[in-house]
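Undergrad: Requesting a structural model of the entry that follows:
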Amino acid sequence: MRRLVLCTAFWALSFPVMKALALTQQNLLPQSGSWFFTSLSVAYRFGLAGSLLLLLLGFRQARTLRWLEAEQGIVLALFGGVGILFQMDGLAYTSASTSAFLTQGYCIFIPVWLALVHRQWPTRKTLLCIALVVAGVAVLAGINSHSLRLGRGEIETLLASLLFTGQILNLEHPRYAANRPLCFTAVMLLGIALVAVPFVLVTAPDAAACLRAYASPAACGFQLVIVLFCTLAAYLLMNIWQRRVTATEAGLIYCAEPVFASLLALFLPGIFSVWAGIHYPNETVTARLLLGGGFITAANVLLQSRWREGKGVNRES
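TA: Next up is the predicted model:
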């Protein structure tokens, strides 16, 4: 479980870095739209990460790719690729911390899916963790019973979370139990890059814009951090270690991501602003952040505790 928590820390880093990259590229190409920057970043991000992983695998292991590994990688690429596109475009219209927290909608989607389709009712411990997470997200998002307004950024982020639910559920599917994580991860990463390419072709103002969007050391540096840490390292940790827990537990562990994202957003934007010459102010510590983050942190601590339930409780497989 600790390795999955590390995975969420790497993903959390991507929120302020992607936001800074988008602001930097807007300065370089002010006439281009957010979907161009989003799809271009995804194509480079996952294409480079997949290519690096292929180099690590070597030709001999890559040529032994099995059909089920290719199939799983393609399915993961479809869910993850479209989800990443919605998430990154939504990030252009909302704050990094809000995006990070709304992404955690899969902690609700996963147990609901399992209850409806597989008739697997969550345990009391899991239900308590879900309740803590929902409370934390509600506090952090400022949700109340009188007004609930979702803009473009929030709606796109929730759509991304729904697609990430399919990605998480796919990883624990028994059909793919014998698959080698490194092999299907390489297919997944390259597949996500291919999913983004048509969006690049449709939204690019011209071919040269694909290079001009990275015509600064800051833009290249942000992209390199995203490739190495937020993509290659994070997805390897997810694909290797998630299969040791249930999908519901994985979804709850991943809810630590917005806590890390909020902490990083307290100081990284200011550093990025100085380096890249952009206006990206630091977020501030508020009582809402402490309370909501505390609920989500408590849920993760409880989930990883040794609390055992009675024999009569129906466990998830």
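Undergrad: what about Val245, distance to Lys125?
TA: Using Cβ to Cβ, to the nearest Å, one gets 13 Å for the distance from Val245 to Lys125. For the C-beta atoms, the positions are set from N, CA and C on the backbone; glycine is no exception.
Undergrad: try Leu54
TA: The gap separating Leu54 from Lys125 is 41 Å, by Cβ to Cβ.
Undergrad: just Glu69 next, same as before
TA: 34 Å.
Undergrad: Would you mind telling me which of the two has more residues around it?
TA: Ranked by neighbour count (other Cβ atoms under 10 Å), Glu69 and Lys125 place Glu69 first, with 22 against 16.
Undergrad: Please look at the more buried one and Pro181 and confirm they touch.
TA: No - between Glu69 and Pro181 there is no contact, the gap being 9.2 Å when judged by Cβ atoms under 8 Å.
Undergrad: Three-state assignment for Tyr214, please.
TA: Under DSSP: H, G, I helix; E, B strand; the rest coil, the three-state class of Tyr214 is coil.
Undergrad: What backbone torsions are found at it?
TA: Here is the backbone geometry of Tyr214 (degrees, to the nearest 10): phi -120, psi 30.
Undergrad: count of neighbours near it?
TA: Neighbours of Tyr214 under the rule other Cβ under 10 Å: 20.
Undergrad: and it, what does it touch?
TA: Residues in contact with Tyr214 (Cβ atoms under 8 Å, 6 or more residues apart in numbering) are 25, 44, 220, 223.
Undergrad: Those, buried ones only, as a PyMOL selection?
TA: To isolate in PyMOL the members of these that are buried, counting by 16 or more other Cβ atoms under 10 Å, one can use:
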select buried, resi 25+44+223
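Undergrad: Out of the contacts of Tyr214, which comes closest to Glu154?
TA: Using Cβ to Cβ, Gln25 is the member of these that sits closest to Glu154, with 22.3 Å.
Undergrad: Just list the residues touching the closest one, thanks.
TA: Going by Cβ under 8 Å, 6+ apart, Gln25 touches 32, 37, 41, 213-214, 219.
Undergrad: Now, the contacts of Tyr214 that are in helices?
TA: Among those, the members falling in helices (DSSP state H) are 25, 44, 220, 223.
Undergrad: tell me the contacts of the third one?
TA: Remark: with contacts taken as Cβ under 8 Å, 6+ apart, Cys220 is in contact with Tyr214.
Undergrad: residue ranges with poor pLDDT in the stretch 51-200 of the chain?
TA: Counting by pLDDT under 70, the stretch 51-200 of the chain has low-confidence residues at 58-59, 96-97, 140-150.
Undergrad: any idea which element Ala250 lies in?
TA: Assessed by DSSP states H and E, Ala250 sits inside helix 247-253.
Undergrad: Show residues contacting that helix.
TA: 1, 4-5, 8, 104, 106-107, 109-111, 114, 122, 126, 129-130, 133, 165, 168-169, 171-172, 242, 245, 299-300, 303-304, 316.
Undergrad: if we go to 6 Å?
TA: Residues from elsewhere that reach helix 247-253, judged by Cβ atoms under 6 Å, 6 or more residues apart in numbering: 4, 106-107, 110-111, 126, 129, 168-169, 172, 242, 303.
Undergrad: which of the residues you listed are buried?
TA: Here, 16+ other Cβ under 10 Å leaves 4, 106-107, 110-111, 126, 129, 168-169, 172, 242, 303 buried among the contacts of helix 247-253.
Undergrad: In helices only, show me the residues you listed.
TA: For these, the ones inside helices are 4, 106-107, 110-111, 126, 129, 168-169, 303, with DSSP H as the criterion.
Undergrad: Between the residues you listed, which sits nearest Leu91?
TA: Nearest to Leu91 among these is Tyr106, at 17.0 Å by Cβ to Cβ.
Undergrad: which one is that closest one nearest to, not counting chain neighbours?
TA: Thr165 (4.2 Å; Cβ to Cβ, 6 or more residues apart in numbering).
Undergrad: for the helix or strand where that neighbour lies, packing partners?
TA: For Thr165, the element it lies in under DSSP H and E is helix 152-171. If contacts are counted by 3 or more Cβ pairs under 6 Å, 6 or more residues apart in numbering; DSSP states H and E, helix 152-171 sits against helix 67-91, helix 96-102, helix 106-113, helix 247-253.
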